[in-house]
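[1] okay, here's the prediction I keep looking at, along with the sequence it came from:
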Amino acid sequence: MAAGSAGPGSPTAPDPGSDPDLWERLRVGDHFALGELFDRYADDVRAFAFRRTASWSTADDVVQATFLNTWRRFQRNPPGPLAGPTARGWLLMVAANECRSLFRTANRLRNLLDRLPDPAPDRDHAPEVARRLDDERRMSVIRRAVAKLPRHERETLELVVWSGLTVTEAADALGVPVGTVKARLHRTRRRFPDLLTRVALTEELS
């Protein structure tokens, strides 16, 4: 056997640039690894957060909080090796927690903004502002339907239907067996047969 080669039973190093590789680099304090994960998944986190909050500005806040708190978590108490092939599910669960945290302060922020004077009209940005407001109104309707689900079923739907995770990836992210994920999706379809049709409309918004 050549010197330095791995023998039988030796751990295999993650492929360079893969999510497991970035994860291991992050576990030893490599902030460049966090930047690569940001470039890879920031858009996914933003789309997930918008579907959770029906607000593009809040979604942007969630993206920042998700990656900032991920870095803090790895600095303070690094998690174990990455369970699945990608870090997307793990990051989306962090984003879900950030959405819950930001939701508790959203009403206070909106009340503050309501007291501020209206900005001067800007015709150049009017179409974009109108589109964003329309997206948020449509998303608010869908969110009210999704809110009727139990939390564990809602989170499963958000990961699999909205974010495109496989059943296995969602199970890894949620820390449950694959069969549990399938059962939750089945119950959702049975309880609200028209919900997935309405949820599918959100693909047009991201």
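    In hand now; what should we look at? Residues are numbered from 1 along each chain as shown.

[2] going forward, measure contacts and count neighbours with C-alpha atoms only.
    OK.

[3] OK, contacts around the most centrally placed residue in the chain?
    Nearest residue to the geometric centre of the chain (Cα atoms, centre = their mean): residue 92, 2.8 Å. By Cα atoms under 8 Å, 6 or more residues apart in numbering, the residues touching residue 92 are 45, 48, 159.

[4] and these, which of them are buried?
    45, 48, 159 (16 or more other Cα atoms under 10 Å).

[5] give me the nearest residue to the second one, chain neighbours excluded.
    Here the nearest residue to residue 48 in space, its sequence neighbours aside, is residue 163; by Cα to Cα, 6 or more residues apart in numbering that works out to 6.5 Å.

[6] wait, doesn't the one you found sit right on residue 49?
    No: Residue 163 lies out of contact with residue 49 (Cα atoms under 8 Å); the separation is 10.3 Å.

[7] neighbour count for those two, which is higher?
    Counted by other Cα atoms under 10 Å, residue 163 and residue 49 do not tie: residue 49 has more neighbours, with 26 against 20.

[8] the helices in this protein, which residues?
    Ranges of helices within the chain are 19-27, 31-53, 56-76, 88-115, 126-146, 151-157, 167-174, 178-191, 195-200, based on DSSP state H.

[9] tabulate these (TSV), appending distance to residue 82 and mean pLDDT.
    Output for the helices of the chain, formatted as TSV (distance: least, Cα to Cα, whole Å; pLDDT from 0 to 100):
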stretch	distance to residue 82	mean pLDDT
helix 19-27	6	95
helix 31-53	13	94
helix 56-76	12	93
helix 88-115	9	78
helix 126-146	30	66
helix 151-157	20	86
helix 167-174	10	91
helix 178-191	17	87
helix 195-200	30	54
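
[10] buried set for stretch 155-164?
    For stretch 155-164, a neighbour-count test (16+ other Cα under 10 Å) marks 155, 156, 157, 158, 159, 160, 161, 162, 163 as buried.

[11] quote the end-to-end distance of that stretch.
    End-to-end distance of stretch 155-164: 13 Å, with Cα to Cα, to the nearest Å as the criterion.

[12] how far does it sit from the chain's center?
    9 Å (Cα atoms, centre = their mean, to the nearest Å).

[13] follow-up on the earlier one: contact partners for the residue nearest to residue 48?
    Applying Cα under 8 Å, 6+ apart to residue 163 gives the contacts 44, 47, 48.

[14] my guess is the last one meets residue 161, correct?
    No: using Cα under 8 Å, residue 48 is not in contact with residue 161; the gap is 10.6 Å.

[15] I'd guessed residue 34 sits against residue 71; true?
    Yes: between residue 34 and residue 71 a contact is recorded at 7.2 Å, counting by Cα under 8 Å.

[16] mind listing the shared neighbours of these two?
    Common neighbours of residue 34 and residue 71 (criterion: Cα under 8 Å, 6+ apart): residue 26.

[17] alright, calling it a day.
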